[in-house]
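Engineer: Model the following, please.
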Amino acid sequence: MNQEEFDEILRKHKGSLGEIKANLSGTDLSGTDLIGTDLSDANLSGADLSRAYLSGADLSSADLSRAYLSGADLTEAYLTEAVLSGADLSRANLSRADLSGANLSGANLSGANLIGTDLSDANLTEADLRGTNLSGADLIRANLSGANLSGAKLSEADLIRANLSGAKLSEADLSGKDLSGKDLSGNDLTKADLWGTDLSGANLSGANLSGAYLTEADLWGTDLSGANLSGANLSGANLTEADLSGANLSGAKLSGADLSGADLSGNDLTKADLWGADLSGADLSEANLSGANLTEANLTEAVLSGANLTEANLSGANLSRADLSRADLSRADLWGTDLSGANLIRANLSGADLIRANLSGANLSGAKLSEADLSRANLSGADLSGADLYAISSDYWKIDGVKCAYVFWDLKGEERTPADRDFRPGEFEELYKWRPLNDFERLIRKSIEFPEEYFEAGKSILSYFGSILRKKYPDAKANVQIRQDGLKVTMTIDPADGDREVLEKELDRYGLVITGKMAPEEFTDDRLLIHDLKNELRIAHHRIESQKELLAYQNEDMRKKDIRIDRFLDIMEKGIQAPVNMNVFQTQGEKIDGSSQANNIGKLTQEFDK
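Structural biologist: Predicted structure coming up:
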């Protein structure tokens, strides 16, 4: 079609009173300047309008089905009730255009600019809106069912009464939107930005929200049953009365979230972050919380019967009056946790850290506590009948008024104590209450008799532990004394009113640093202390070399002796780990196999040279 023919069609179109309308079906108008042109009611089906200039043009009620409008400029164009089904509008500029009531079903709008566009009452079913910018767009009553909105920007868009059922919203920006009551069941919302979004009362059952950002979102009464929330960020979200039955929350971040009264029975919450979350009264029966972080969470009166909490972190959490019957809490961190009045009947607490835990009034009948640490725990008024207490740590535990018919102290939990009767009232308390240690039991002593070639280095390393304690624990009253008797060095640590267990642990860790099995950076994050510690290790190394040279001048046989750093490390390791005084002096014919420490020695000598 030439220009004259096109102009004649437009002239007749403009002059008509509805009888003659422009028929430009299939016409190639690519790149044409049609700014402000009146093409209302025109037939442009299948026309090529790619890169055409149509800003301000009137295309209301026009037939643009299957038209090619890629890259076209349609800013402020009028397209009310236009038919654009199957049209290609990819990368088109439709900012502030009026598409109210338009039919865009199956249209390709990927990458289009729809900022401030009026799409109210528009039909966008199955439309491709990937990566489109819909900021401030009017989508009131728009039908977006089945549309692909992945990566679309919908901030400040009006979605009131819009139909989003079945829409793909992965990585879409829906932050702060009002989506309350929406039907989003089964929708794909993976990695969507829903920060502060109102989803109260919405139906998200079976939806895929993995990796979604739902921080501070309102999910009050929302149906999330069967939804995939793995790795989602729900920090600070309101999940009160939400239905989370069957939802996958593995690895989800729920710190500070309000889940009070939520139904999470049987849910997968493995390694979920629930730090400081409110789970009071929540139903977590049979849920999988293994490895979850529940530090300082509120779980008062929560139901956790049969739940898997292996290796979970519950330190400082409030579990008062919670139901933990048959729950698996093996190797869980329950340091300082409030379990007062909790139901722990037949719970598995083997290997759990219950230091300073409050178990007053708790029911632990039939519970498995083998190898648990109950140091300084409060079990006043607790029921321990039938509990397995094999190899527990009970330093300073409080068991006033404990109820106990019998317990098991053996590994298999088969040997009843008492064997043929029940404990009399108060008998268990009297038999097993904590009694202060005498001086010999209270003090920590380590003695090492060194070969003379290692004596100076060894004495220095042991003496330095006192400096370590003063720097790491400046307020502690622990006292470290070093006594020398010939080639025998004895280190005595008096915890005073400090925690003996903490000091023993520090000594063990110090031994690992000395022997190259732990880097100084793992031992402390104090940069100055790290520097000093490395320097002390270098000095020890040089002392051994200097002592070797000195002794060689004094004794011809010493020149032939094998003096190596790995031998010194082996002596130090045996001495520090020894439960009693130990003579590790080697006779002339004895050899120490340092091959198992080869890698560690290499690392340590590298540290010396830094």
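Engineer: Show me where the chain has its helices.
Structural biologist: 3-15, 427-432, 439-442, 452-472, 500-514, 520-523, 527-554, 565-577, 598-609 (DSSP state H).
Engineer: Now the last one: average pLDDT?
Structural biologist: This means helix 598-609. Averaging pLDDT along helix 598-609 yields 39.
Engineer: got it, and the longest one?
Structural biologist: Average pLDDT, helix 527-554: 77.
Engineer: on contacts alone, who are the packing partners of that helix?
Structural biologist: Applying 3 or more C-beta pairs under 8 Å, 6 or more residues apart in numbering; DSSP states H and E, we find helix 527-554 packed against helix 452-472, helix 500-514, helix 520-523, helix 565-577, helix 598-609. No exception for glycine: its C-beta is placed from N, CA and C like everyone else's.
Engineer: quick one, what contacts the closest residue to Leu411 other than its chain neighbours?
Structural biologist: With C-beta to C-beta, 6 or more residues apart in numbering as the criterion, Leu411 has its nearest non-adjacent residue at 5.4 Å, and that residue is Tyr390. Tyr390 makes contacts with Leu369, Ser370, Glu371, Phe408, Trp409, Asp410, Leu411, Gly413, as judged by C-beta atoms under 8 Å, 6 or more residues apart in numbering.
Engineer: any low-confidence regions in the protein?
Structural biologist: 1-5, 7, 12-20, 435-442, 476-477, 496-498, 547-548, 550-569, 571-610 (pLDDT under 70).
Engineer: What ranges does the chain have for its strands?
Structural biologist: For the chain, the strands defined by DSSP state E occupy 387-388, 407-408, 416-417, 444-449, 479-485, 488-494, 582-583.
Engineer: Pick the most buried one from these.
Structural biologist: Comparing these by mean neighbour count (mean count of other C-beta atoms under 10 Å), strand 387-388 ranks first with a mean of 26.
Engineer: Hmm, Arg470 and Glu506 touching each other?
Structural biologist: No - using C-beta atoms under 8 Å, Glu506 makes no contact with Arg470, being 11.7 Å away.
Engineer: Looking at the two, which one has more neighbours?
Structural biologist: Using other C-beta atoms under 10 Å, the more surrounded residue of Glu506 and Arg470 is Glu506, with 18 against 12.
Engineer: what about stretch 273-280, start to end distance?
Structural biologist: One end of stretch 273-280 to the other measures 16 Å (C-alpha to C-alpha, to the nearest Å).
Engineer: And the contacts of that stretch?
Structural biologist: For stretch 273-280, contacts defined as C-beta under 8 Å, 6+ apart pick out 235, 252-262, 292-302.
Engineer: Next: stretch 32-49.
Structural biologist: Counting by C-beta under 8 Å, 6+ apart, stretch 32-49 makes contact with 10, 13-14, 18, 21-30, 52-69, 72, 78, 83, all of which sit outside it.
Engineer: Quick check on those residues: which are buried?
Structural biologist: Buried members of the contacts of stretch 32-49, counted by 16 or more other C-beta atoms under 10 Å: 10, 13, 21-22, 24, 27, 29-30, 52-69, 72, 78, 83.
Engineer: Leu314 contacts Leu294, correct?
Structural biologist: Yes - if you go by C-beta under 8 Å, Leu314 and Leu294 touch, sitting 4.8 Å apart.
Engineer: now the strands of the chain as TSV including distance to Gly458?
Structural biologist: Shown next, in TSV, are these (distance: least, C-beta to C-beta, whole Å):
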stretch	distance to Gly458
strand 387-388	43
strand 407-408	44
strand 416-417	45
strand 444-449	6
strand 479-485	11
strand 488-494	6
strand 582-583	13
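Engineer: what's the closest of the ones you listed to Ala217?
Structural biologist: strand 387-388 (43.0 Å; C-beta to C-beta).
Engineer: Tell me which other helices or strands the closest one touches.
Structural biologist: On a contact count with 3+ C-beta pairs under 8 Å, 6+ apart, strand 387-388 meets strand 407-408.
Engineer: In its sheet, which strands sit next to the strand it packs on, and in what direction?
Structural biologist: Here strand 407-408 is paired, per DSSP bridges, with strand 387-388 (parallel), strand 416-417 (antiparallel).
Engineer: Tell me how far that strand lies from the chain's centre.
Structural biologist: The chain centroid and the centroid of strand 407-408 are separated by 38 Å under C-alpha atoms, centre = their mean, to the nearest Å.
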